[in-house]
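K.L.:
okay, here's the prediction I keep looking at, along with the sequence it came from:
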Amino acid sequence: MQNKKLAIVGVTGLVGQEVLNILVSKKIVPDIDVDNLLFVASDKSVGKVISFLGKEVKVISVEDAILEKPDYVIMSAGATLSKEVAPRFVEGGAIVIDNSSAWRTFPEIPLIVPSIPNPLLDLNMKSGIIANPNCVAIMIAIAIAPFSSMGVDMVLVSVMQSVSGAGYKGINALREELENNDGVKASMSSFVSNIANNIIPASAMSSTVPKYNDEEAKMMFEVPKILGKSVKFSSQSCRVPVARGHSAMMRVFFKEEQDEANLIDILKKAPQIKYSEEPLGPYDTVGKDYVIVRSFRQDINNKNVFEFFVASDNLRVGAAYNAVAILGKLLGVYNEKNYS
């Protein structure tokens, strides 16, 4: 990263803070020049000082960041802002790695999970936009990628998404409702109903896929695009009163009968997967950069079908780690085994 400027847009948000944590560790991008870092946030955070690698870095506005013409931008500031300013960063010569949903459906824009090979990632690109996939889509894609060349016919998932997927508002909504204990939806909540002691649809209904909510529609489109393979995919997604860490029950349908022991061995050797016989859940993923796979078994009624449980930290695997790993891949320093 010597002589290269990196802007982190949305640095004060949940994902932005995780990006900083990963950069501090230097495990993906070892050569960080603090003087070439731009910390960017909304007007209410401009002027705030953040300590980073022994130096004090002042938060600047998006407009000021654009004028600085950074080489790379990691954006975690929502789709609306991304649609407005990502092209302006690109005009200045930047490669923008965007965490929002703004660009994922554009066929010319790559949707990347670095531990999954994808020929769409042009390591020689000088400017442009790379989309960071949906947090659940990343987790699901990592879990089934080891089987993608083994004749997977269909994948069904039932997802349980934590409240941190909705940022600070989601966490604060759960906290307020638990403290009040009156069953009333929190005042700042963006969820479709109250979340404390409840299980609700993960989001509002999709405008593109009838009868599916927006989170489900994202997964159904993004997972095949990440894998670069056509696969029948359907999902159900609920929001659950868990602070951090998404999880899912998965059913993978193969075209031909498979050996369970062989599939487990493949999972144990796969990048960014921790296979476990222990009863691990989303709590055990916090701060980790892998996807937990457990409870792997062959369907008792169909030897072509395997079912298992997966979980990952949505703020890291599903956002910050993936974004920094994309940066590492662009810089030629990413190692798919380099995760905690």
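P.N.:
In hand now; what should we look at? Here the structure is a predicted model, which is why all the values come from computation and not from measurement.

K.L.:
where does pLDDT dip in the stretch 1-150 of the chain?
P.N.:
1, 119-123 (pLDDT under 70).

K.L.:
quick one, strands of it?
P.N.:
6-9, 37-40, 49-52, 55-60, 72-75, 95-98, 128-131 (DSSP state E, counting those that start in this stretch).

K.L.:
which neighbours does the third one have in its sheet, and in what orientation?
P.N.:
This means strand 49-52. According to DSSP bridges, strand 49-52 has the following sheet partners: strand 55-60 (antiparallel).

K.L.:
tell me the most buried of the strands of the stretch 1-150 of the chain?
P.N.:
Per residue and on average, the most neighbours among the strands of the stretch 1-150 of the chain fall to strand 6-9, with a mean of 28 (mean count of other C-beta atoms under 10 Å). Using the backbone N, CA and C atoms, a C-beta is placed for each residue, glycine as well.

K.L.:
dump that strand to CSV, keeping only the CA atoms.
P.N.:
Extracted in CSV, the C-alpha atoms of strand 6-9 (Å, rounded to 0.1, in the frame of the first residue of the first chain):
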residue,chain,number,x,y,z
LEU,A,6,-7.2,4.1,0.7
ALA,A,7,-10.5,5.7,1.7
ILE,A,8,-12.8,4.0,4.1
VAL,A,9,-16.3,5.5,3.7
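
K.L.:
contacts made by that strand with the rest, please.
P.N.:
16, 19-20, 36-41, 62, 65, 68, 70-77, 81, 85, 89, 94, 327 (C-beta atoms under 8 Å, 6 or more residues apart in numbering).

K.L.:
again, only using 7 Å
P.N.:
Residues from elsewhere that reach strand 6-9, judged by C-beta atoms under 7 Å, 6 or more residues apart in numbering: 16, 19, 36-40, 62, 65, 70, 72-77.

K.L.:
any idea how far Ala202 is from the closest residue to Pro201 other than its chain neighbours?
P.N.:
In this structure, Pro201 finds its nearest non-sequential neighbour in Asn213, 4.9 Å apart by C-beta to C-beta, 6 or more residues apart in numbering. Using C-beta to C-beta, to the nearest Å, Asn213 is found at 6 Å from Ala202.

K.L.:
shared neighbours, these two?
P.N.:
Ser237.

K.L.:
quick one: which of the two has more around it?
P.N.:
Counted by other C-beta atoms under 10 Å, Asn213 and Ala202 do not tie: Ala202 has more neighbours, with 26 against 21.

K.L.:
hang on, isn't the more buried one packed against Ser237?
P.N.:
Yes: using C-beta atoms under 7 Å, Ala202 is in contact with Ser237, at 4.0 Å.

K.L.:
joint contacts of these two?
P.N.:
161, 213, 215.

K.L.:
which of the residues you listed fall in strands?
P.N.:
Cross-referencing the shared contacts of Ala202 and Ser237 against strands under DSSP state E gives Gln161.

K.L.:
what sits against Leu14?
P.N.:
Contacts of Leu14 by C-beta under 7 Å, 6+ apart are 164, 167-168, 315.

K.L.:
cutoff 8 Å now
P.N.:
164, 167-168, 171, 315.

K.L.:
over to Leu327?
P.N.:
Leu327 neighbours (C-beta under 8 Å, 6+ apart): 6, 28-29, 72, 74, 97.

K.L.:
and if you look at Leu315?
P.N.:
Residues in contact with Leu315 (C-beta under 8 Å, 6+ apart) are 14-15, 18, 135, 164, 244.

K.L.:
now Met249
P.N.:
157-158, 307-309.

K.L.:
name the SS class of it, please.
P.N.:
Secondary structure, DSSP: H, G, I helix; E, B strand; the rest coil: Met249 is strand.

K.L.:
quickly list what it is bridged to.
P.N.:
Beta-bridge partners, per DSSP bridges, of Met249: Ser158, Phe309.

K.L.:
is it correct that Gly183 falls within a strand?
P.N.:
No: going by three-state DSSP, the assignment for Gly183 is coil, not a strand.

K.L.:
what sits against it?
P.N.:
Contacts of Gly183 (C-beta under 8 Å, 6+ apart): 177, 194, 196-197.

K.L.:
my read: Ala320 touches Gly10, true?
P.N.:
No: Ala320 lies out of contact with Gly10 (C-beta atoms under 8 Å); the separation is 10.6 Å.

K.L.:
common neighbours of these two, please.
P.N.:
Common neighbours of Ala320 and Gly10, using C-beta under 8 Å, 6+ apart, are 16, 76.

K.L.:
domain assignment for this structure?
P.N.:
The chain breaks down into these domains under automatic domain parsing: 6-133+319-331, 137-313.

K.L.:
kindly check the end-to-end length of the shortest one for me.
P.N.:
One end of domain 6-133+319-331 to the other measures 12 Å (C-alpha to C-alpha, to the nearest Å).

K.L.:
what does stretch 60-70 give?
P.N.:
End to end - C-alpha to C-alpha - stretch 60-70 spans 13 Å.

K.L.:
same check, this time on stretch 159-173
P.N.:
Calculated as C-alpha to C-alpha, the first-to-last residue distance of stretch 159-173 is 20 Å.

K.L.:
now stretch 246-264 - C-alpha only, PDB.
P.N.:
Output of stretch 246-264 as PDB, limited to C-alpha atoms (Å, rounded to 0.1, in the frame of the first residue of the first chain):
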ATOM      1  CA  HIS A 246     -26.100 -15.100  10.900                       C
ATOM      2  CA  SER A 247     -26.800 -18.800  10.600                       C
ATOM      3  CA  ALA A 248     -28.800 -21.100   8.300                       C
ATOM      4  CA  MET A 249     -30.000 -24.600   7.800                       C
ATOM      5  CA  MET A 250     -29.000 -25.800   4.300                       C
ATOM      6  CA  ARG A 251     -30.100 -28.700   2.100                       C
ATOM      7  CA  VAL A 252     -27.900 -29.400  -1.000                       C
ATOM      8  CA  PHE A 253     -29.400 -31.700  -3.700                       C
ATOM      9  CA  PHE A 254     -26.800 -33.500  -5.800                       C
ATOM     10  CA  LYS A 255     -27.600 -35.000  -9.200                       C
ATOM     11  CA  GLU A 256     -26.000 -38.200  -8.200                       C
ATOM     12  CA  GLU A 257     -25.500 -40.100  -4.900                       C
ATOM     13  CA  GLN A 258     -22.500 -38.900  -2.800                       C
ATOM     14  CA  ASP A 259     -20.400 -40.400   0.000                       C
ATOM     15  CA  GLU A 260     -20.900 -38.600   3.200                       C
ATOM     16  CA  ALA A 261     -17.400 -39.200   4.500                       C
ATOM     17  CA  ASN A 262     -15.900 -37.800   1.300                       C
ATOM     18  CA  LEU A 263     -18.000 -34.700   1.500                       C
ATOM     19  CA  ILE A 264     -16.900 -34.100   5.100                       C
END
